[in-house]
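Participant: Here is a sequence together with a model predicted from it:
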Amino acid sequence: MELTLDRLTREFGPKIAVDRVSARLTPGVYGLLGANGAGKTTLMRMVCGVLRPTSGEVRYDGAPVSRLGDAYRARLGYLPQDFGYYPEFTALDFMEYVASLKGVDRRQARERSLQLLDTVGLAGEERRRIRTFSGGMKQRLGIAQAVLNEPEVLVLDEPTAGLDPKERVRFRNLIASFAKDKIVLLSTHIVSDVEYIADQIVMMRAGQIVLEGAPDEVVRAVAGRVWEARVGAAEADRLAERLTVGNVHYLEGGEALVRIVCDERPVEGACPVDPTLEDLYLHTFADGAAQAADARRAARHARGGRHA
């Protein structure tokens, strides 16, 4: 089982949303990290066949998904950012409706629907109308419908947006439980959503993949660039204005413990500390880096090199 992205590009007028992205995905959980506007949703919509690339293609086991059509969609599970539902449907009605759309055998649809509703913690709620559900319950229903057809490729776009911390942890555990023997592509800008369940981290900025690898590998990119320092509270505020500061913990006596991501020791007495995925995220998506990337892309676009 292999999903190949071959120089995928999508343009909207003069804007390049996804810029020649190539990747090879095999079974496992891929955490797609990026700031809002990085191109994650556009990329995932192309993977799901919802959006046609301007150039490049998606291949499943070597065959272009544009040719596979329904055969590919039968292997696909998708939870978009704003997953649509009928508010007057009950959870079970909705699951059975989705099952019919996905071609699940009618005799198996109810049994599978009830089983999945139980798995996602909605047992006993199957007769409630969806409009009465909380945000977390709707998201759990979303993951249940996404895996209803036992997909080989599972695409989840910002699945924990708007959930409280407890619901996010529960949702991550659900995703991990469904991820066995599947290609799971999970998009988010919340680092903790993928820190513990992703086999591979893929970082996307300005429409391009800028870093990818196992979590413990990619954080090495900022090894030796993460510091902690104990400074005065006023100095902590000044540091936050000019450097990438991850955390500031204000202490008694007008002091603060500051975590800083920068190339050199930021202040006297700062000590190097082990980097985390959040440190890498902050370093990768610092404003200056993003602006520089945008400037390079704009220059290349002006030279007419978009598909070079």
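Facilitator: Yep, that arrived. Numbers count the residues shown, from 1 in each chain.

Participant: from what I can see residue 272 touches residue 224, true?
Facilitator: Yes. With contact defined as C-beta atoms under 8 Å, residue 272 reaches residue 224; the gap is 6.2 Å. Bear in mind the C-beta positions are built from the backbone N, C-alpha and C, glycine included.

Participant: for the spatially closest residue to residue 28 that is not a sequence neighbour, what are its contacts?
Facilitator: Leaving aside its sequence neighbours, residue 28 sits nearest to residue 199 (C-beta to C-beta, 6 or more residues apart in numbering; 3.8 Å). Contacts for residue 199 were tallied using C-beta atoms under 8 Å, 6 or more residues apart in numbering; they are 28-30, 214.

Participant: Kindly report the same for residue 141.
Facilitator: For residue 141, the contact set (C-beta under 8 Å, 6+ apart) comprises 85, 91, 94-95, 117, 120, 122, 130, 133.

Participant: sorry, back to before: filter the contacts of residue 199 down to just the ones in helices.
Facilitator: Judged by DSSP state H, the contacts of residue 199 include no members of helices.

Participant: need those in a markdown table with distance to residue 257 and neighbour count, can you?
Facilitator: Formatted as a markdown table, those follow (distance: C-beta to C-beta, whole Å; neighbours: other C-beta atoms under 10 Å):
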| residue | distance to residue 257 | neighbour count |
| --- | --- | --- |
| 28 | 36 | 16 |
| 29 | 33 | 22 |
| 30 | 34 | 21 |
| 214 | 30 | 12 |
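
Participant: pLDDT and distance to residue 258 for these - can I get that in TSV?
Facilitator: As requested, those are exported to TSV (pLDDT from 0 to 100; distance: C-beta to C-beta, whole Å):
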residue	pLDDT	distance to residue 258
28	94	36
29	95	33
30	96	33
214	95	29
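
Participant: Next, work out how far apart the nearest residue to residue 200 once chain neighbours are set aside and residue 213 are.
Facilitator: Closest residue to residue 200 apart from its sequence neighbours, by C-beta to C-beta, 6+ apart: residue 30 at 4.9 Å. Distance, residue 30 to residue 213, by C-beta to C-beta, to the nearest Å: 11 Å.

Participant: Common neighbours of the two, please.
Facilitator: Joint contacts of residue 30 and residue 213 (C-beta under 8 Å, 6+ apart) are 200-201.

Participant: thinking residue 129 is in contact with residue 92, fair?
Facilitator: No. Using C-beta under 8 Å as the test, residue 129 is too far from residue 92 to be in contact (10.8 Å).

Participant: neighbours around residue 156, how many?
Facilitator: By other C-beta atoms under 10 Å, the residues close to residue 156 number 27.
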